Each structure stands twice: as structure tokens, then as C-alpha cells.
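Output the structure for:
(one chain, ligands or ions: 2)
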Amino acid sequence: MTDSLEDADVPSRPYDWRLALRALGYLRQHKLEAVASLALTMLSAPIYLAGALLTGAAVDLFLAPDPSKPPTGFVLFVKQAVDFAGFGGSRQLGIVFMAVLFLAANLVEAAVEFARMVVMENMGQRIMFDLREELFAHLQRVSIKFYDQTRVGQLMTRISSDVGGLNEMLTSGVIGLLSNLAIVFYVLIWMFKTNWRLALVSFAILPLLITLATWFRIGVRSAYRAIGVQMSAMNGFLQEHLSGMLLVQLFNREARQMKAFDRINKAYQKADVDTNFYAAVFYPGVEILTTAGIALIIWYGAGQVIRGAATLGTLIAFIELAGNLYNPISEIGEKYNVLQSAMASCERVFKILDEPVMQAHPEPKRLTRVRGRIEFRDVWFAYRDEDWVLKDISFVAEPGEKVALVGHTGAGKTTVTNLLLRFYEIQRGQILLDDVDIRELDLHELRSNFGVVLQDVFLFSRDIAANIRLGNQAITEAMAAAAAGKVGADDFISALKQGYRSEVRERGAGLSVGEKQLIGFARALAFDRRVLILDEATSSIDTKTEMLIRDAVERLMLGRTALVIAHRLSTIQSVDKIIVMHKGEVREVGNHQALLDKRGLYWNLYQLQFSRDSAPVVEPVAEPRSFQHASSHGGAT
Ligand SMILES: Nc1ncnc2c1ncn2[C@@H]1O[C@H](COP(=O)(O)OP(=O)(O)OP(=O)(O)O)[C@@H](O)[C@H]1O
Ligand SMILES: [Mg+2]
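Ligands and ions are numbered 1, 2, ... in the order given. From the prediction side, this is the model:
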């Protein structure tokens, strides 16, 4: 697949500081929390270590005191505290006091840790919330062209899981790393200050530990990368095939799709198993090395104690601390991966945020009282590179005029409306609304002049009334119902069990194409815009519905400029102007009668349809076109 690199769970460069800085920028709105969690991190490490050192101090002060070695450092500090509290005289009381101190240190540490987690978690959740909002807001503004090139399943992964990556990077990544470094730092200082020989012995296994961690890091990195690729492949596959289930079943493709899914599923499983293999070696390996390290400390340290070079308390403290030295170091190896895959997530999220949005004109012109004159002036357009879909298109629709676009499938009719609504930018020429180039208008203002009924009416999973009003407060439910009544949609809606309150299932499943189109009409009428754009559905509908739709179209066009793409030429015989398109060019212009007299393309189209409609032979039920329509769900046909 082409986008496997983009999906890789590893950023294009291993350390991208600009990326990291940009991610850190998200902490700026949460300075207080960031500083607080950092401070708490730095605080919790020494408290934790102090707790660990208390055991050794208790041994040196009360269990095996060595009169030849007066207490120093931490032990001295503890001794002063015990004396100050007045428990220095008795060994029993002293031990009890030490136990209480031990408990207190751990309680305080737990409290600090609790505070740190609450602060950090809250901050992380808020950052993710903001980022998701930022992403969605941005996605609403990027050009439709972006969606032609991006799979929806992929975008969903970005918003749902990659956003978590940024959080991971900031919280468990950066702050977790700092916390581990802090612990290692404190342990190092204490060990070297207390007994540098024993400290060196404690470090003996570090090269092995670092080697193991590096092996793990590199191995898991490629495994993670594979998981990322496979997961994205699976999501993309599922998204496409679940929404295209109708076609899968229609063409009896279940077995083949099962095989395809099986392949992806197996690859995903393998990637997962690979990762687990590394983990299965790494964690027991760390355990063994840690034990070996402690064994070394016991061996050498005990010798020192016997020779009188170290106190028993020191040895015990070293044993306690060794675990705290080894764990963070192996964890840093682990965190590195988290950080790296988080960085890859960030990179992908930022890539979306950097996707250009439709260019807004710096000083948009305002249209007061739109008349609804539309002009295409020498327009050239290609969806990709130089594959011209429209070639030098020019036409005018005067205010209030009804213009029809006809032509074979793929002629570029829908494209004309896409351009007028500025879903895509044209390469050459000009499109004008009331003699103003649409690029000089505010995008919202431009689109607010059009009532649009698309070829494939999109319905949201809400009730029918909501689908007509589309959240427009100015349209009351009564107005929605009135609009539905005027376009003749009222009959079938009222016949539904819950009428206007009936829930529409995903994408309008459960409604016929004609019914969906009627809801689309009601929507356009309720919004009451200056210009009507109507892209008629291509599927065959029965004669009764066809008549309903013809009447509805008449009503819709009343008092507006209308651009109608008709597939049934019967609907457009009364329009002012018919534009015949062929392979992206305007071939003929005129009214119905004039074009028929010309005996050209239009006449041909008309003959074709006329002979088909009146032919006694039974047509195949599914004309090729309706399959194309079904398979290009949501496409811009
Ligand atoms: N999003 C897109 N990306 C690339 N090419 C596209 C896109 N949408 C349409 N095309 C191509 O542009 C050409 C014109 O398509 P368009 O949808 O405008 O045809 P149409 O006249 O509306 O056809 P129909 O009568 O079937 O609706 C076709 O060749 C089509 O393959
Ligand atoms: Mg079309």
C-alpha cells in the first residue's frame, strides 16, 4: 500500500526537535500544571529515596551500631532527628520511631505521587480535548480535495489514537523520563558520596543492562512500526468494507473479502507476536541482571563489612537502592519507544494540522442583495494535474433563469457545481456570482447563497425533521414540515410510524432514493436560498415518484436562479436554457425546441431516452450507471 510509510509508527527522523518543541508548545496553555507536575516529580524522588535509606540508618543506629564509625551524612541527619525527638536513649523506642518515620516518608511520597498524577492526568486530558477540537475544526476547513486523497478510517485513527500519542509524549514521555532521570541522579550522588567502591561494583552490570535495553528498543521499534502499519491497514479495510457491505454481498465477494481480511489479520497478529517476543525476553532479562547486580553488591559489600570498610546499614541501603537504579535505566529504554511512537503520532497529527485550508480572501467583497447571476468564464479544471475534466467552459445564468446541464455520465456536470460551490479551486478562468469572482467572496457568504440538492443526498443519523433543518435555528419544525409539504414529501413522512421524529439510520439506509431526494428538496426549500443547485439522482424511480419530483422541482425553482442537472430530459423541457456538455466541453446551448431542431448531441440524447422510455422491451433492471452510483457512495459523481 502506498501510505505504509506515512502510517509507520516511527517518525521520519529519529530525533526531530522541532516536532518535540511544537508538542511542548501545547504545555504553554497549561503552564501552571506543567510546572506543578515537574516540581512534584522532583519532590517525590528524594522523599522516596529517603524512605529507602531509613532501613539502613535504623540498622546502623540501633541494630548493629559500630562505635568505631560515627554516623555521617544521612545517618547522622536521622540520628539528630531521633535525638531531637527524645528517642535516642532507648533502642526499642528508637526502632519504633524509625518505623514511624519510614511509614511517614512513604505516606508523604504516596501523597505527592497522588497529587502529581491528578495534576498530570488532568492536564493531559485537557490537552487532548483541545487538540481533538483543533483537529476537527481544521478538518472542517480543509479542501474537499484532501478527502479525495485520504481514507476516512485513517483520519479516525488520527483523532482517536494519535492524539493520545501527544499526551503520552508529554506526560509519560517527557515527565516520566525526567522522573526516572531524577531518581538515577539522586541515587548516583548518594552512592558515590557514601562508598565509591561499592558504587562502582553496583554499576558493574550497567553495560549489560544498557545493551539489553538497546536490543529491546531497536527490536521493538521495528515491531511497533509493523503494528502501526497493520493496524491502520485493518482500520482502512474495515471502514471501506463495512460501509460497502451491500456490494460485497451483492457480488458474492464474502469469501474473497474474508481471505483478504484474513491476510491483514494474520499480518497484524504476527506484528503483535513479534513485539511480545521482545518483551518476553526483556523483562525476565532485566530481572536476572538486577538479581545478579544485587548478588555482586552482597558479595563485595559483605566483604567490606567484614573488613570493617563499610557499615551493615550502608550495605543494606545499597541493596535497597540498587533496584531503584536498575529499574529507571531499563525503563528509560522502554520510554524511549513510547516517546518515539508518540513522536510519530505527533508528526501525523501535525501533518493534518498543516494541511492547507481553503484560502480565504484577505479582504472579501460583500454582496448586498444577491441577484443570483452566475457566470463561468473560460474555466479549466482538473482534479489531478493536467487531466482536464473541464475544458474552457463558459456560460451564463441570468438572475432568475433556469438552466439545465445535460450530458453523458462523466461529462463533468457535477464538477461544475462543485466548482461553483468552491469545493475545489479552478486552474484557469473565472467563476462569477453577481459579477464578482467567487474567490473574492467569503466562503461562508458564497455558500450561503446556494440551496443544494446533491446527487447522493446525505442524511445524518438524526430524525427527519433535524435532517431538513440541519441545525438551523431560523427554521422551525413547522417550517420544515411546510417545506416538506410543498415538495410533496409530507405523504411518505407522515406515513412513517413516528413521522418527522423517525430516526434516519446511518446514511439514510431504510429510505428509498426517491424519498431521500424529496427530503433533500425539503431541505433546500426550507433554507430558501437565491440560487438552487439540483443534481438529480440517477437511479430509476417509478413514474409516480418521477411526477412528484418534477412538481417539486418546479416549486423549488420558483423565483430563483436554478442550475439543474437532469438525467431524465422530461424534467427540463420547460427550462430557459439547456447546456449540453460532452467530455468536459460545452457543445450546445439553447432551449429544448431549438436544440431538438439542431439535430445534434441533445437530439441524440433525447432520441436515446425517448426510445428507451417507450420501448416495449423490458430493460435490464440494473443499468450500469446505477452500479457506478452505488459503488461511488459519497464520491463526487
Ligand atoms: N473527486 C474526483 N477526483 C478525481 N476525478 C474525479 C473526481 N470526481 C469526478 N472525477 C472525474 O471527473 C469527470 C467528471 O465527473 P463528474 O462527476 O463531473 O461527471 P457527471 O457529469 O456529473 O457524471 P454523472 O452524470 O455520472 O453524474 C469524470 O471523469 C470523473 O471520473
Ligand atoms: Mg454527476
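
What is the neighbour count of the residue of the stretch 251-400 of the chain found nearest ligand 1?
With C-beta to the nearest ligand atom as the measure, residue 383 is the residue of the stretch 251-400 of the chain nearest to ligand 1, at 3.3 Å. All C-beta spots, glycine's among them, are computed from the backbone N, C-alpha and C. The criterion is other C-beta atoms under 10 Å. On that basis, residue 383 has 14 neighbouring residues.

now it: how far from residue 389?
With distances defined as C-beta to C-beta, to the nearest Å, the gap from residue 383 to residue 389 amounts to 6 Å.

which parts of stretch 473-481 are buried?
Taking 16 or more other C-beta atoms under 10 Å as the basis for neighbour counts, the residues of stretch 473-481 that come out buried are 475, 479-481.

can you tell me which of those lies nearest to residue 189?
The shortest approach to residue 189 among the buried residues of stretch 473-481 belongs to residue 475, at 70.5 Å (C-beta to C-beta).

May I have the residues that are in contact with the closest one?
Contact criterion C-beta atoms under 8 Å, 6 or more residues apart in numbering gives 468-469, 526-527 as the residues in contact with residue 475.

Please repeat the previous calculation with a cut-off of 6 Å.
When the contact criterion is C-beta atoms under 6 Å, 6 or more residues apart in numbering, the partners of residue 475 are 469, 526.

Quick check: pLDDT value at it.
As predicted, residue 475 sits at a pLDDT of 86.

For ligand 1, see how far away it is.
Taken as C-beta to the nearest ligand atom, to the nearest Å, the spacing of residue 475 relative to ligand 1 amounts to 29 Å.

Could you do residue 111 as well?
With distances taken as C-beta to the nearest ligand atom, residue 111 is found 58 Å from ligand 1.

where's that residue, which helix or strand?
Remark: residue 111 resides in helix 91-139, with elements defined by DSSP states H and E.

tell me which residues in the next helix or strand after that helix are buried?
For helix 91-139, the following helix or strand on the C-terminal side (DSSP H and E) is helix 144-149. Within helix 144-149, the residues that qualify as buried are residue 145, counting by 16+ other C-beta under 10 Å.

now do stretch 26-41
By 16+ other C-beta under 10 Å, the buried positions in stretch 26-41 come out as 26-27, 30, 33-34, 36-38, 40-41.

what about the residue of the stretch 451-600 of the chain found nearest ligand 2, which SS state?
Nearest residue of the stretch 451-600 of the chain to ligand 2, counting by C-beta to the ion: residue 455, 5.1 Å away. Under the three-state scheme (DSSP: H, G, I helix; E, B strand; the rest coil), the conformation of residue 455 reads as coil.

What backbone torsions are found at it?
Backbone torsions for residue 455, taken as degrees, to the nearest 10, come to phi -60, psi -40.

Look up the pLDDT of it for me, please.
In the prediction, the pLDDT value recorded for residue 455 is 77.

Okay, it and ligand 1: tell me how far apart.
In this structure, residue 455 and ligand 1 are 6 Å apart, going by C-beta to the nearest ligand atom.

Then residue 17?
Residue 17 sits 38 Å away from ligand 1, going by C-beta to the nearest ligand atom.

ok, back up a step: let me see the mean pLDDT of the helix holding residue 111.
Confidence over helix 91-139, taken as the mean pLDDT, stands at 90.

Return the list of helices and strands in contact with it.
helix 31-58, helix 163-168 (3 or more C-beta pairs under 6 Å, 6 or more residues apart in numbering; DSSP states H and E).

switch to 7 Å and redo it
Judged by 3 or more C-beta pairs under 7 Å, 6 or more residues apart in numbering; DSSP states H and E, the packing partners of helix 91-139 are helix 31-58, helix 73-85, helix 163-168, helix 312-353.

orientation of that helix relative to helix 312-353 in degrees?
Relative orientation of helix 91-139 with respect to helix 312-353: 10 degrees, computed using axes from the mean of the first three to the mean of the last three C-alpha atoms, to 10 degrees.

ok, the residue of the stretch 1-150 of the chain found nearest ligand 1 - contacts?
For the stretch 1-150 of the chain and ligand 1, the shortest gap (C-beta to the nearest ligand atom) falls at residue 148, measuring 4.3 Å. For residue 148, the contacting residues are residue 383, taking C-beta atoms under 7 Å, 6 or more residues apart in numbering as the criterion.

Return the residues of the stretch 301-450 of the chain in contact with ligand 1.
If contacts are counted using C-beta under 6 Å from any ligand atom, the residues of the stretch 301-450 of the chain sitting beside ligand 1 are 383-384, 389, 407, 409-415.

In TSV: the residues you listed, plus distance to residue 587.
Formatted as TSV, these follow (distance: C-beta to C-beta, whole Å):
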residue	distance to residue 587
383	21
384	24
389	15
407	8
409	15
410	14
411	9
412	11
413	13
414	17
415	16
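
Pick out the residue nearest the middle of this protein.
Centrality entry for the chain: nearest residue to the mean C-alpha point is residue 159, 2.1 Å, by C-alpha atoms, centre = their mean.

Shouldn't that one be within a helix?
Yes. With the criterion set as three-state DSSP, the secondary structure at residue 159 is a helix.

How much space separates the nearest residue to it once chain neighbours are set aside from residue 353?
Spatially, and ignoring its direct neighbours in sequence, residue 159 is nearest to residue 135 (5.5 Å; C-beta to C-beta, 6 or more residues apart in numbering). Relative to residue 353, residue 135 is positioned 7 Å away (criterion: C-beta to C-beta).

Could you check which of those two has the larger neighbour count?
In this comparison of residue 135 against residue 353, neighbours counted by other C-beta under 10 Å, the higher total goes to residue 135 at 18 against 15.

Mind giving me the packing neighbours of the lengthiest helix in the chain?
Ranked by residue count, the top helix of the chain under DSSP state H comes out as helix 254-307. Under the contact definition 3+ C-beta pairs under 7 Å, 6+ apart, helix 254-307 sits against helix 196-202, helix 206-243, helix 312-353.

mean confidence score for the shortest one?
By that I understand helix 196-202. Computed over helix 196-202, the mean pLDDT rounds to 93.

what do you get for the second one?
Average pLDDT, helix 206-243: 85.

Show me which positions of it end up buried.
209, 212-213, 216-217, 219-237, 239.

Check the closest residue to ligand 2 within the chain and give its pLDDT.
Across the chain, no residue is closer to ligand 2 than residue 414, which sits at 3.1 Å (C-beta to the ion). Looking at residue 414, its pLDDT is 90.

you'd agree it is up against residue 455?
Yes. Taking C-beta atoms under 7 Å as the definition, residue 414 is a contact partner of residue 455 at 6.2 Å.

Tell me which helix or strand the residue of the chain closest to ligand 2 sits in.
In this assignment (DSSP H and E), residue 414 forms part of helix 413-420.

by contact count, what packs against that helix?
Helices and strands in packing contact with helix 413-420 are listed as strand 374-382, strand 388-397, strand 402-407, strand 531-535, strand 561-565; criterion 3+ C-beta pairs under 7 Å, 6+ apart.
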